[in-house]
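S.K.: With the input below, show me the fold.
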Amino acid sequence: MSPNQFGFPDDGSGPPRSDGPANAPSQPVDSTAAGAPPPFNAAAQPSTGPVTPGAPPMATGPSQPEHSPGFAPPAGYGSPALSSTQGYPGAYPGATVGSDGSALAAPPPGGGNVLVDVDDPRPPSYGKRIVAILLILVLAFALVVGGVRVWRSFSTSEEPTDPATGSTEATHPAVTPAPTAEPGQEVSIPPVAQPQPSSREYTMPDRTPTSLTPSTLPGITTPPAGPSGLGRYVDQNVDWVACSIYNTPGECATVLAPVDYSLPDDRALTLSLYRKQATASPKLGTIFVNPGGPGAAGRATGAYFDQKGLEAYDIIGWDPRGTGESTPVQCPATTEVDDLFTLDNSPDNDAERDALVNAWRQYGLGCAEMSGDLMEHVSTQDTVEDLDLMRQIVGDAQLNYFGYSYGTFIGAVYAQTYPGLVGRMGLDAAVNVTDDDSITQASGFENSFNDFASYCVRQMYCGLGDTADEVRDTVTTYLTTLDETPVRVGERILTSAVAVNGIAWYLYGDESDWQNLMIVLENALGGYGQDLIDAHDMLWERSPNGVYGQSFAGFNVIGCLDGVDAGVEGAMEQWRIDSIRSPIFSQFMGPGVMCATWPVLADPNAYDDITATGSAPILVIGGEGDSATPYTYAVWMAEQLASGVLITYAGAGHGTYGGKSTCVDSAVQRYFSDGVIPPDGLYCPV
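M.R.: This next block holds a predicted model:
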């Protein structure tokens, strides 16, 4: 996938502003100016188009509804290899949370990050202010995960066992199959292509493993007290204390888990959890929730997750290992990352390619120096072992779980590893768990942009063209011009990579965000590119002082540990093919060289053939208009999982459950609370 899940500022103040003049129009990069970076292309010429004086109308960015999913995974996460095309992040909109569990900053009223014009001299937008859109972190250089570690060092039993701590919860209601649709339900599965095995060999030819020192990151500690072995982790004391995230009261706690499950008596790391307690009885257990990523912190997901219809469950969101407050991995996070986006991400020659590859190589080595050997122990399989440990700690005989985007991969791998321990499971905005790497995340964004183009020309005024093809041509020409001649916006450089990131930010939502995207693109064509930079910063969680969020590091480190690759040449070759299929997003997202020279090897035999045979029914939810995780992935996952049950939402946006569709919400709630399985292929209209 791409470099990261969507990282967004959590201070509610909107995207960071340039350090330069607020109304400064975009200017071609001047390579002779003091401190200015060299131009991307020696043949770059200044823009000749006139720039309208003053600032244009301002668009609002996608905002986060109170219970919408956030982060999204890299396109094709779970496939045999890293995608050859850079992708985007995808995860639940998490709050910035202090070590005591309190929110360091609350979201604006209504939830979400809104591009507000507080203290901004620009006149108000002439477009409708949108403050109700699904905001999601999605994956930045399209990583497609390959390989599941088959070791099961924590628990070897696949049958439900009495947890060591005992359980007072009521037994789940018996599962009630629904072989046919009930009155008012529609069953229909839109046709998609059948997955075809990839013929490419993913041997990681350009990775050179680096010697890693034992990590001393905050949270690394000694194992809990008790006899040697894994039992001491199950028996550890957990101190839940009152806390609040985004003004949602709950309880926070930390637990310890082995850094390396094969060496439980060596070192431990710290996991941070947030819990909302059940409000109905008898209690049915705990639902663990995950927003996606990889790299997204998940405690805020517990706070945002809609408990309506699920009142008999505790809801726990946790920061997966390596993220947030759970012993997070560390990587370069300031100018080094800005430089990655300032480089030409769609290289036209060997020099540009080599510069991009070398920049990512240096970034990976920086991660190795800062994170040490923790980089080898933050895989999805490690997180699955943590999830089963937490299940036992809370006293549940089986795991109840709901995951969005990359979180669907965590759920699928858990079900593959421990099929007999699956209780109720829902996987929303499914990623790719097949061996087919022909459909990338970029193709999902391309389809969403095509829908946007058609939407634009249906409006009273579309300044991008009179037909959908003209809209596409206008935007393609603009991005091509930026590729050849990046422009300076205040103290920042607007490149084609930054611009396409900004466009993608708006496509994570549905039509309620598209009016704003129209404004942003019209402003950019008029010489005002600040809005695209703002959206890019929201996507990658870049703060006003130039520091990228920790989720950027988590996305890259976890993604590269999970996914194998075909090396630099393989990525370049596949990028050329993908750019024909997706001429905007594949082309300008660039080749997926992020992990090609990563200093840590992935397990080439991991995550193969995920079927979860023997598992209880698993709900798989896909949106036909999902940009970050194409709908095809959901169909494929539901078919490949032996007990998969597909639910289709006809609308757009990344992730569905939690207030977007009463049809989807009802099906999920009835399954978790009453054991009623919806008919396979349940179709939920907008």
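
S.K.: Can I get stretch 664-682 in PDB? Just the C-alpha atoms.
M.R.: What follows is stretch 664-682, C-alpha atoms only, in PDB (Å, rounded to 0.1, in the frame of the first residue of the first chain):
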ATOM      1  CA  VAL A 664     -25.900  -2.600   7.500                       C
ATOM      2  CA  ASP A 665     -26.100  -1.500  11.100                       C
ATOM      3  CA  SER A 666     -29.100  -3.600  11.800                       C
ATOM      4  CA  ALA A 667     -27.500  -6.700  10.300                       C
ATOM      5  CA  VAL A 668     -24.400  -6.300  12.300                       C
ATOM      6  CA  GLN A 669     -26.200  -5.600  15.600                       C
ATOM      7  CA  ARG A 670     -28.600  -8.500  15.200                       C
ATOM      8  CA  TYR A 671     -25.700 -10.900  14.500                       C
ATOM      9  CA  PHE A 672     -23.600  -9.700  17.500                       C
ATOM     10  CA  SER A 673     -26.500  -9.500  19.900                       C
ATOM     11  CA  ASP A 674     -29.000 -12.100  18.800                       C
ATOM     12  CA  GLY A 675     -26.900 -14.500  16.700                       C
ATOM     13  CA  VAL A 676     -29.000 -13.900  13.500                       C
ATOM     14  CA  ILE A 677     -26.800 -14.400  10.400                       C
ATOM     15  CA  PRO A 678     -27.900 -12.200   7.500                       C
ATOM     16  CA  PRO A 679     -28.400 -13.800   4.200                       C
ATOM     17  CA  ASP A 680     -25.200 -14.100   2.200                       C
ATOM     18  CA  GLY A 681     -25.200 -11.300  -0.300                       C
ATOM     19  CA  LEU A 682     -27.500  -9.000   1.600                       C
END
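
S.K.: Tell me the buried residues in it?
M.R.: Within stretch 664-682, the residues that count as buried by 16 or more other CB atoms under 10 Å are 664-673, 675-682. Just so you know, the C-beta spots here come from the backbone N, C-alpha and C atoms, and that holds for glycine as well.

S.K.: Just the ones in strands from the residues you listed, please.
M.R.: If you go by DSSP state E, those have Leu682 in strands.

S.K.: top helix in the protein by residue count?
M.R.: helix 350-371 (DSSP state H).

S.K.: got a list of contacts for that helix?
M.R.: 40, 210, 212, 215, 217, 329-332, 336-337, 339-340, 343-345, 347, 375, 553, 556-557, 560, 568, 572, 590-591, 593-600 (CB atoms under 8 Å, 6 or more residues apart in numbering).

S.K.: Could you identify the helix or strand that succeeds it?
M.R.: helix 380-394 (DSSP states H and E).

S.K.: In terms of secondary structure, what does that following helix contact?
M.R.: Using 3 or more CB pairs under 8 Å, 6 or more residues apart in numbering; DSSP states H and E, the elements in contact with helix 380-394 are helix 231-234, strand 248-258, strand 268-276, strand 285-290, strand 313-319, strand 399-404, helix 406-417.

S.K.: Looks to me like Asp608 is in a strand.
M.R.: No. Under DSSP: H, G, I helix; E, B strand; the rest coil, Asp608 sits outside any strand and is assigned coil.

S.K.: Quick one: neighbours of it, just the number.
M.R.: 14 (other CB atoms under 10 Å).

S.K.: Now do the same for it: its pLDDT.
M.R.: On pLDDT, Asp608 comes in at 89.

S.K.: Please apply the same query to the one 10 residues further on.
M.R.: The predicted local distance difference test score for Ile618 is 98.

S.K.: SS state for the closest residue to it other than its chain neighbours?
M.R.: Of all residues not flanking Ile618 in the chain, Met425 sits nearest, at 4.7 Å (CB to CB, 6 or more residues apart in numbering). Reduced to three states with three-state DSSP, the structure at Met425 is strand.

S.K.: re earlier: closest to His654 out of the helices and strands packed on helix 380-394?
M.R.: The closest of the helices and strands packed on helix 380-394 to His654 is strand 399-404. By CB to CB, the value is 8.1 Å.

S.K.: Tabulate the CA atom coordinates of the closest one in CSV.
M.R.: Only the C-alpha atoms of strand 399-404 are listed here, as CSV (Å, rounded to 0.1, in the frame of the first residue of the first chain):
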residue,chain,number,x,y,z
LEU,A,399,-13.0,-13.4,20.5
ASN,A,400,-15.7,-10.9,19.4
TYR,A,401,-14.1,-8.4,17.0
PHE,A,402,-15.0,-5.6,14.6
GLY,A,403,-12.3,-4.2,12.3
TYR,A,404,-12.3,-1.6,9.5
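
S.K.: re the thing from before, I'd like the helices and strands packed on helix 380-394 written out as a markdown table, with mean pLDDT added.
M.R.: As requested, these are exported to a markdown table (pLDDT from 0 to 100):
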| stretch | mean pLDDT |
| --- | --- |
| helix 231-234 | 97 |
| strand 248-258 | 98 |
| strand 268-276 | 98 |
| strand 285-290 | 98 |
| strand 313-319 | 98 |
| strand 399-404 | 98 |
| helix 406-417 | 98 |
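
S.K.: Using CSV, lay out the ones you listed together with distance to Gly465 and mean neighbour count.
M.R.: Putting those into CSV (distance: least, CB to CB, whole Å; neighbours: other CB atoms under 10 Å) gives the following:
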stretch, distance to Gly465, mean neighbour count
helix 231-234, 59, 18
strand 248-258, 44, 21
strand 268-276, 46, 24
strand 285-290, 40, 28
strand 313-319, 43, 27
strand 399-404, 34, 29
helix 406-417, 35, 30
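
S.K.: Now do the end-to-end distance for stretch 596-603.
M.R.: With CA to CA, to the nearest Å as the measure, stretch 596-603 spans 14 Å from end to end.

S.K.: Contacts for it next, please.
M.R.: Contacts of stretch 596-603 (CB under 8 Å, 6+ apart): 82, 146-149, 204, 206-210, 212, 357, 360-361, 364-365, 367-368, 375-376, 379, 560-565, 567-568, 570-571, 595.

S.K.: Of the residues you listed, which qualify as buried by neighbour count?
M.R.: So, by 16+ other CB under 10 Å, the buried ones in these are 82, 146-149, 204, 206-207, 212, 357, 360-361, 364-365, 367-368, 375-376, 379, 560-565, 567-568, 570-571, 595.

S.K.: just to revisit the earlier point, restricted to helices, list the buried residues of stretch 664-682.
M.R.: Those of these lying in helices (DSSP H): 664-673.

S.K.: And stretch 308-321, how far out from the chain middle?
M.R.: Taking CA atoms, centre = their mean, to the nearest Å, the mean C-alpha location of stretch 308-321 is offset from the chain mean by 19 Å.

S.K.: With stretch 607-624 instead?
M.R.: For stretch 607-624, the distance to the chain centre is 19 Å (CA atoms, centre = their mean).

S.K.: Can you give me the buried ones in that stretch?
M.R.: So, applying 16+ other CB under 10 Å, buried residues of stretch 607-624: 607, 610-612, 615-624.

S.K.: quick one: which of those residues is nearest to Val457?
M.R.: The nearest one, if we look at the buried residues of stretch 607-624 relative to Val457 and count by CB to CB, is Glu624, at 21.0 Å.

S.K.: which SS class is that closest one?
M.R.: Glu624 ends up strand, using three-state DSSP.

S.K.: That one reaches Tyr631, doesn't it?
M.R.: Yes. Using CB atoms under 8 Å, Glu624 is in contact with Tyr631, at 4.9 Å.
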